[in-house]
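Asks: quick one, fold the following:
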Amino acid sequence: MRGRKSKRAKRQEFEQQSAPSIGGVQVPRGDGSTVIRIRAGASLSDFADRIDANPASLVTVLFHLGEMATTTQSLNEDTFQSLGAELGYLIEIVSPEEEDRELLGAFDIDLEAEEAAEGDDDLEARPPVVTVMGHVDHGKTRLLDAIRRTDVAGDEAGGITQHIGAYQVRTEHEGIDRAITFIDTPGHEAFTAMRARGAQVTDIAILVVAADDGVMPQTVEALNHAQAAGVPIVVAVNKVDKPDANPAKIRQQLTEYNLVAEEYGGDTMFVDVSAKERTGIDDLLDAVLLTADAALDLRANPNKNARGVAIEANLDKGRGAVATVLVQTGTLQVGDSIVAGTAHGRVRAMFDEHGATVPEATPARPVQVLGLTSVPRAGDTFLVAPDDRTARQIADKRAAAERAAMLAKRRKRISLEDFTQALQLGKVETLNLVLKGDVSGAVEALEDALLKIDVGEAVELRIIHRGVGAITQNDVNLATVDNAVIIGFNVKPAERVTEMADREGVDIKYYSVIYQAIDDVEASLKGMLKPEYEEVQLGTAEVRQVFRSSKFGSIAGSIVRSGTIRRNAKARLSRGGVVLADNLTIESLRREKDDATEVREGFECGIGLGFRDVQEGDTVETFEMREKPRA
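Replies: Residues are numbered from 1 along each chain as shown. You can find the predicted model right below:
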């Protein structure tokens, strides 16, 4: 052992042999073609490990490049690119998907190799997963009601679906009992992100268009999401029972968007339905299954560990974190250790859409899962891990990587020259928000919609925390420290939280419809903007004669040419079209021998400006600054 060099001695020797120092610091350098792969949000310590350098020396190098950072601080891609260019390295930022693949690879979980090893004998037919999309109030939820004979719309605030739900129904098709999984996506445009995610997990999209209303902006938006996801589309022309319904017009309108009906020689199935009268429902289900059989190869391997997507998740008071998951491949069983995004746990129980317990879930089966330690986000992928310990480690590493990437995104590059300017940026008004909702999909959609509000650069919106469940004392503490407003979406405060919020002066707003929250936040942001003023002309007067007074100085005997001249109004004096003096005040105003507060057009008056150089023929212009209303 005595003859071997320590790792530190080897590093120092290597640094001494390296290229010339930067700012007096020796740093190992690349040859310009050496590729260093680092994850998004990595720190200088991570980079130093890759090139076998001292992290402190990289801090010095970065300082000489005009950047300031600590060794443990998450840095953005631009900073790493600058550092790499200086040291002769090509920096490659690993994508989140690739990073996750490498993370799972460290635990001997290779999903791609697993899929590649599957043969035709391993695959079995599975039900199609269908997403119902379309414009708000075109009857999507009513159509799903008709399909599954339940009433969801009556429970929704404002009649707008605010949560993603997944259901499985059975129908007889060509003499065979077949299952179809439906995903109900929200109808309001503020939920675009959730609707897009609905299209990612689906096999077929049902586009609902009202026969009495036609193709609307959200119809096109939903259509674009489905086409971008590359899924076949079945069009349900709803409300055909109405007297002003025109199904032929819908078929004609949709040809503009490359949806040509079969009767017009195209390959898109159009089905006339009435959700209210429950007519055409069987034809619609047949169309879905015919499209699935003709256009898709819907098979999956049920004999392996399950993988899938979390469709929705919420925090239940009695049951803890409850996630609605869609199994895409494999079979999920009670007792499995699962990881869903940054959440992990063991499946304690599973329930179907009717609340009945399910021992196992096969491909394309949506189930509610109990047993997760935290609430996953809607759209997070889940997989079964070998054991609880592995599941926890994967979730913890994902959470750490996500936190680092978020910190790097927030960090702005500050050069030494711009440091003073950066300090002044603190004068920007910021509205801090804490978002709490009943389900993760709603919170995410609300955050997405709020961050799109744009009222200019003078005001900033920052969401400092978001979560699922009741508003807690921790949320109030966080809002107190950061001067934030708490927005509760379909949730109420926990015990004694309201009294604490009143005591700390924290404002809590409650909403059940998403666009009301968006409107209120936008109004608050506009209210925080500094008022803008514009100059409004009050009147002009022409100087006819100048009187000198030892007490008042020069008095301009004038005639009012336009508008009104008021005492104490702002004024400017111009001669021959050139402004002689600005920012003057009408200090005195007399009409004949009496003081006057204002003199109107056509009358003569004496004006005292407190300015000596007044001549005949000069023009006195008065104005005031009025607050400009914002659009």
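
Asks: from here on, contacts and neighbour counts on C-alpha atoms
Replies: Noted.

Asks: what about Val208, which helix or strand?
Replies: When secondary structure is defined by DSSP states H and E, Val208 falls within strand 204-210.

Asks: in its sheet, what does that strand sit against?
Replies: Looking at strand 204-210 with DSSP bridges, its partner strands are strand 129-134 (parallel), strand 233-238 (parallel).

Asks: out of the ones you listed, which is closest to Tyr511?
Replies: For the strands paired with strand 204-210, the distance to Tyr511 is smallest for strand 129-134, at 24.2 Å, taking C-alpha to C-alpha.

Asks: thinking again about what came up before, lowest mean pLDDT across the strands paired with strand 204-210, which one is that?
Replies: Set side by side, the strands paired with strand 204-210 differ in mean pLDDT, and strand 129-134 is lowest with a mean of 86.

Asks: what's the first helix or strand after it?
Replies: Tracing the chain C-terminally past strand 129-134 and defining elements by DSSP H and E, one meets helix 140-148 next.

Asks: quick one, strands of the stretch 1-150 of the chain?
Replies: Taking DSSP state E, counting those that start in this stretch as the test, the strands found in the stretch 1-150 of the chain are 34-39, 89-94, 124-125, 129-134.

Asks: can you list contacts of the shortest one?
Replies: It refers to strand 124-125. Contacting residues not belonging to strand 124-125 are listed as Leu298, Arg299, Ala300, Asn301, Pro302 [C-alpha atoms under 8 Å, 6 or more residues apart in numbering].

Asks: my read: the fourth one touches Asp122, true?
Replies: Translated: Asn301. Yes. Between Asn301 and Asp122 there is a contact at 5.6 Å, judged by C-alpha atoms under 8 Å.

Asks: of those two, which one has the most company?
Replies: Asn301 (23 against 13; other C-alpha atoms under 10 Å).

Asks: ok, that one to Pro217 distance?
Replies: The span separating Asn301 from Pro217 equals 39 Å under the rule C-alpha to C-alpha, to the nearest Å.

Asks: by how many degrees do the strand holding Val208 and helix 140-148 diverge?
Replies: Following axes from the mean of the first three to the mean of the last three C-alpha atoms, to 10 degrees, one obtains 120 degrees for the angle between strand 204-210 and helix 140-148.

Asks: would you mark the buried spots in strand 204-210?
Replies: Under the neighbour-count criterion of 16 or more other C-alpha atoms under 10 Å, strand 204-210 has Ile204, Ala205, Ile206, Leu207, Val208, Val209, Ala210 buried.

Asks: and those as CSV, adding pLDDT and distance to Phe382?
Replies: Conversion of the buried residues of strand 204-210 to CSV gives the following (pLDDT from 0 to 100; distance: C-alpha to C-alpha, whole Å):
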residue, pLDDT, distance to Phe382
Ile204, 90, 22
Ala205, 88, 23
Ile206, 90, 26
Leu207, 91, 28
Val208, 90, 30
Val209, 91, 33
Ala210, 89, 36
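
Asks: closest to Gln328 out of those?
Replies: When the buried residues of strand 204-210 are compared for distance to Gln328 (C-alpha to C-alpha), Ile204 wins out at 14.4 Å.

Asks: bridging residues for that closest one?
Replies: Val130.

Asks: that one contacts Leu290, correct?
Replies: No. Here Ile204 lies out of contact with Leu290, judged by C-alpha under 8 Å, at a distance of 11.0 Å.

Asks: top strand in the chain by residue count?
Replies: Identified as the longest strand of the chain according to DSSP state E is strand 532-549.

Asks: from the contact counts, what lies against that strand?
Replies: Contacts defined by 3 or more C-alpha pairs under 8 Å, 6 or more residues apart in numbering; DSSP states H and E place strand 532-549 against strand 553-566, strand 619-628.

Asks: so the residue nearest the centre of the chain, which of the three states?
Replies: For the chain, the residue sitting closest to the mean C-alpha position, by C-alpha atoms, centre = their mean, is Asp448 at 2.2 Å. Here Asp448 takes the helix state, with states given by DSSP: H, G, I helix; E, B strand; the rest coil.

Asks: any idea how far it is from Val485?
Replies: Here the distance between Asp448 and Val485 works out to 17 Å (C-alpha to C-alpha).

Asks: any weak-confidence spans in the stretch 51-200 of the chain?
Replies: For the stretch 51-200 of the chain, the stretches flagged by pLDDT under 70 are 95-97, 99, 150-165, 184-200.

Asks: sorry, wrong one. I was asking about the chain.
Replies: Looking at the chain by pLDDT under 70, you get 1-26, 95-97, 99, 150-165, 184-200, 405-429, 455-458, 527-532, 629-631.

Asks: the helix ranked longest in it to strand 34-39, inter-axis angle?
Replies: The helix of greatest length in the chain, counted in residues with DSSP state H as the criterion, is given as helix 388-410. If you take the same axes, to 10 degrees, helix 388-410 sits at 110 degrees to strand 34-39.

Asks: what about helix 388-410, distance to the chain center?
Replies: Taking C-alpha atoms, centre = their mean, to the nearest Å, one finds helix 388-410 lying 20 Å from the centre of the chain it belongs to.

Asks: how close does the residue of the chain most remote from its centre get to Gln393?
Replies: Among the residues of the chain, the one whose C-alpha is farthest from the average of all C-alpha positions is Ser550, by C-alpha atoms, centre = their mean at 68.9 Å. Counting by C-alpha to C-alpha, the separation of Ser550 from Gln393 is 90 Å.

Asks: give me the neighbour count for Leu580.
Replies: Neighbours of Leu580 (other C-alpha under 10 Å): 14.

Asks: wait, which of the contacts of strand 124-125 is closest to Ala581?
Replies: Nearest member of those to Ala581, counting by C-alpha to C-alpha, is Leu298, at 82.1 Å.

Asks: isn't Thr324 right up against Gln368?
Replies: Yes. A contact is recorded between Thr324 and Gln368 when judged using C-alpha under 8 Å, the distance being 4.3 Å.

Asks: ok so, going back, and whichever helix or strand comes after the strand holding Val208 with strand 233-238, angle?
Replies: Following the chain from strand 204-210 toward its C-terminal end, the next helix or strand by DSSP H and E is helix 217-228. Here helix 217-228 points in a direction 160 degrees away from that of strand 233-238 (the same axes, to 10 degrees).
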